[in-house]
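Visitor: got a sequence here, can you model it:
(chains A and B)
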Number of protein chains: 2
Amino acid sequence: MSNPVTADRRHFEDLAIDEVITLGRVTVTKRMIIDFATEFDPLPFHLDEAAARKSLLGGLAASGWQTAGLSLKLLVEAFLSKVASGGGLGFSDLKWRRPVMKGDSITGTVTISALRRSRSHPERGIVTLDFDIRNQKELPVMTMRLANLVELRDPTAPFADGDKS
Amino acid sequence: MSNPVTADRRHFEDLAIDEVITLGRVTVTKRMIIDFATEFDPLPFHLDEAAARKSLLGGLAASGWQTAGLSLKLLVEAFLSKVASGGGLGFSDLKWRRPVMKGDSITGTVTISALRRSRSHPERGIVTLDFDIRNQKELPVMTMRLANLVELRDPTAPFADGDKS
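Guide: Coordinates of the predicted model:
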């Protein structure tokens, strides 16, 4: 059953291991940091510059979850909005490698590291996406591995050997 | 060096393995789902009810990242705002176990599963927090394991055997 919402998008068959997706860039402002932290992560070093200077982070820093959310947005814009995505399954090994401070900008790449057909739902595939998020100095700020469902164009296609890997 | 911002809060020495933190509850509205998705996860099944009904999720569902953000907010309110938190290090094994649909409410528990003194920064400890997020039917919607820094009240305290585990 083809999904009419996503019929014009890339499907599981169109994806290849080692494809590198280049993300756009977003600059993180003081306003963005405080607004996000107020809603989701209301700790002093994300809300108040004086408190932040006394913290381990040494200045006003974005919630690490805001870095994750902004990275997701960049992936949607560069990739997920163009594929027949069925939603995320989860992720592993998210690491915040250094803080994102007021005025920093983030960008990076996402690499397709695995493609696996679902045995239980043969109309779906699972794509593994490795994030490498960097700041404006090209220094790593976050890495993580996301597992996301992608629909097959032809769900009746036979399983290939590679589907077992 | 005691941090004046956090002097009245719980420190690493005050935490115990197996402590269970009971979270509050938040109900996820259609407006919240669409607002969050517009900013961070603009895919059809998080933005549009007709598209969502045709998707694998079967109806308007919150971005899994919104579930994570709301769970974080519940943890800040119930725990992190009361400890001398130095920020998150990362997390592992986040799994979205079932979607959070319009009108669902989420709550759950967070258990301290490990406490480790930092060898490189003896004024800091690392607390491991296991999330078990459930919906209003008590069904699991998300699990994850977060590593978070917590300051020691007495950074000159000798290392205990348990610090190596």
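Visitor: okay, CA-based contacts and neighbour counts for the rest of this
Guide: OK.
Visitor: tell me where chain A has helices.
Guide: A:30-40, A:44-47, A:49-54, A:64-78 (DSSP state H).
Visitor: in TSV: these, plus distance to residue B:92 and mean pLDDT.
Guide: What follows is the helices of chain A, written out as TSV (distance: least, Cα to Cα, whole Å; pLDDT from 0 to 100):
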stretch	distance to residue B:92	mean pLDDT
helix A:30-40	19	93
helix A:44-47	22	87
helix A:49-54	26	89
helix A:64-78	13	94
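Visitor: out of those, which is the most enclosed?
Guide: With neighbours taken as mean count of other Cα atoms under 10 Å in any protein chain shown, the helices of chain A reach their highest mean count in helix A:44-47, at a mean of 25.
Visitor: of all the helices of chain A, which lies closest to residue B:21?
Guide: For those, the distance to residue B:21 is smallest for helix A:30-40, at 17.7 Å, taking Cα to Cα.
Visitor: any residues touching the closest one, and which ones?
Guide: A:43, A:46-48, A:60-63, A:66, A:102-103, B:69-70, B:72-73 (Cα atoms under 8 Å, 6 or more residues apart in numbering or on different chains).
Visitor: between the residues you listed, which is nearest residue A:126?
Guide: Comparing the contacts of helix A:30-40 against residue A:126 with Cα to Cα places residue B:69 closest, at 23.8 Å.
Visitor: okay but that closest one is in contact with residue A:65, surely?
Guide: Yes - counting by Cα atoms under 8 Å, residue A:65 is a contact partner of residue B:69 at 7.1 Å.
Visitor: one step back: between the contacts of helix A:30-40, which is closest to residue A:137?
Guide: Comparing those against residue A:137 with Cα to Cα places residue A:103 closest, at 12.2 Å.
Visitor: any idea how far the residue nearest the centre of chain A lies from residue A:13?
Guide: For chain A, the residue sitting closest to the mean C-alpha position, by Cα atoms, centre = their mean, is residue A:72 at 3.6 Å. Remark: distance between residue A:72 and residue A:13 (Cα to Cα, to the nearest Å) = 23 Å.
Visitor: hmm, back to that, ok, now how distant is the residue nearest to the centre of chain A from chain B?
Guide: Distance, residue A:72 to chain B, using Cα to the nearest Cα, to the nearest Å: 6 Å.
Visitor: which residues touch that residue?
Guide: So residue A:72 contacts B:40-41 (Cα under 8 Å, 6+ apart).
Visitor: distance of it relative to residue B:151?
Guide: When residue A:72 is compared with residue B:151 (using Cα to Cα), they lie 30 Å apart.
Visitor: again with residue A:97
Guide: Separation of residue A:97 from residue B:151 (Cα to Cα) stands at 19 Å.
Visitor: repeat for residue A:92
Guide: 26 Å.
Visitor: low-scoring stretches of chain A, by residue?
Guide: For chain A, applying pLDDT under 70 flags the ranges A:1-7, A:161-165.
Visitor: residues of it that sit close to chain B?
Guide: Proximity of chain A to chain B, by Cα under 8 Å from any Cα of the partner chain, involves residues A:3, A:5, A:39-44, A:51, A:54-57, A:64-65, A:69-70, A:72-73, A:76, A:80-81, A:86, A:88-97.
Visitor: quick one: end-to-end distance for stretch A:69-89.
Guide: 16 Å.
Visitor: correct me if wrong: residue A:96 contacts residue A:141.
Guide: Yes - assessed by Cα under 8 Å, residue A:96 is found in contact with residue A:141 at 5.9 Å.
Visitor: bridged to residue A:146, which residues?
Guide: Listed beta-bridge partners, residue A:146: residue A:91, residue A:129 (assigned using DSSP bridges).
Visitor: burial of it, as a residue count?
Guide: Burial of residue A:146 is recorded as 21 neighbouring residues (other Cα atoms under 10 Å in any protein chain shown).
Visitor: and the strands in chain A?
Guide: With DSSP state E as the criterion, chain A has strands at A:20-22, A:26-27, A:85-96, A:105-117, A:124-135, A:140-151.
Visitor: if we can go back for a sec, between residue A:97 and residue B:151, which one's more packed in?
Guide: More crowded of residue A:97 and residue B:151, by other Cα under 10 Å: residue B:151, with 28 against 16.
Visitor: for the more buried one, give me its contacts.
Guide: Counting by Cα under 8 Å, 6+ apart, residue B:151 touches B:11-12, B:84-86, B:123-125.
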